[in-house]
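>>> The following comprises the amino acid sequence and a computationally predicted model.
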Amino acid sequence: MPQVVQSEALIVIDVQNDFCPGGALAVPKGDEVVAPINAMMDGFETVILTQDWHPAGHSSFASSHDGKDPLEMVDMPYGPQVLWPDHCVQGTSGACFHKDLRQDGDLIIRKGFRSAVDSYSAFFENDKTTPTGLEGYLRNRGITKLALVGLATDFCVAYSAMDAARLGFDVRVHLAACRGIDLQGSLEAALTAMKDAGVSLQ
Ligand code: VGL
Ligand code: ZN
């Protein structure tokens, strides 16, 4: 039996059908994270899952912007934003967790549910100020260390890890249980930014 870590939470980012092969915003080999994540779950007292959870017509969808294609950029009131194919629409099968992912976590944080603001990070929306409540949950339970895994390395995992480090948590990202999108060098840039933010990469 693995030893259960009490002050450390495992945070499983967005292991949803739309980010897996065949999904609307498929991360290459995204489904390969499922087995290693399931294996890690027994080692943590606290397991938290996040779920990208957009209303139809969300402002991060290219289809919501006339003449724009997926992966183009737009300026939002809160800064530049990549436009994505429609994905993880609330209540659709694409928004469901991968069928083989263990879902016996303690908490599910849904994010990106406000039409006007995207939310890559599990802690703050992309305006960098609106909290999701995850920080309070963790502090309330005395959790100081976080292990992060999931999809996508260079977006939701990296944004979550950097916010967590900025908030003072001790953060490790387990790269063997992550896969990236890699838009124009975004994977390498995210790895460098995480290291610079004091995130431990394993
Ligand atoms: C994500 C792009 C858009 C992610 C979510 O989970 O990394 N990426 N929405
Ligand atoms: Zn999204």
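Here it is on my side, so go on. Numbering: from 1, shown residues only. Ligands and ions are numbered 1, 2, ... in the order given.

>>> Assign a three-state SS to R110, would you?
Three-state call for R110 (DSSP: H, G, I helix; E, B strand; the rest coil): strand.

>>> Pass me the low-pLDDT residue ranges in the protein, would you?
Within the chain, the segments meeting pLDDT under 70 span 1-2, 5.

>>> what does it have sitting close to ligand 1?
Residues of the chain that fall close to ligand 1, judged by C-beta under 6 Å from any ligand atom: 14, 19, 52, 84, 120, 151-152, 155-156. All C-beta atoms are positioned from the backbone trio N, CA, C, and that covers glycine.

>>> again, 5 Å this time
Residues of the chain lying close to ligand 1 (C-beta under 5 Å from any ligand atom) are 14, 52, 84, 152, 155-156.

>>> Quick one: name whatever helix or strand follows the longest helix anywhere in the chain.
What stands out as the longest helix in the chain, according to DSSP state H, is helix 186-196. Once the chain leaves helix 186-196, the next helix or strand it forms, by DSSP states H and E, is strand 200-201.

>>> packing partners for that next one?
Judged by 3 or more C-beta pairs under 8 Å, 6 or more residues apart in numbering; DSSP states H and E, the packing partners of strand 200-201 are strand 170-179, helix 186-196.

>>> From those, pick the one with the highest average neighbour count.
Among those, ranked by average contacts under mean count of other C-beta atoms under 10 Å, first place goes to strand 170-179 (a mean of 21).

>>> Using PDB, write out the CA atom coordinates for that one.
What follows is strand 170-179, C-alpha atoms only, in PDB (Å, rounded to 0.1, in the frame of the first residue of the first chain):
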ATOM      1  CA  ASP A 170       4.600  23.900  -2.400                       C
ATOM      2  CA  VAL A 171       3.900  22.600  -6.000                       C
ATOM      3  CA  ARG A 172       5.000  19.600  -8.000                       C
ATOM      4  CA  VAL A 173       3.900  18.900 -11.500                       C
ATOM      5  CA  HIS A 174       4.200  15.200 -12.500                       C
ATOM      6  CA  LEU A 175       5.000  15.500 -16.200                       C
ATOM      7  CA  ALA A 176       4.500  11.700 -16.800                       C
ATOM      8  CA  ALA A 177       0.900  12.200 -16.000                       C
ATOM      9  CA  CYS A 178       0.400  15.400 -18.100                       C
ATOM     10  CA  ARG A 179       0.200  16.000 -21.900                       C
END
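
>>> Now tell me what touches that strand from outside.
Here strand 170-179 makes contact (C-beta atoms under 8 Å, 6 or more residues apart in numbering) with 27-30, 32-33, 36-37, 40, 144-153, 157-158, 161, 164-165, 194, 198-202.
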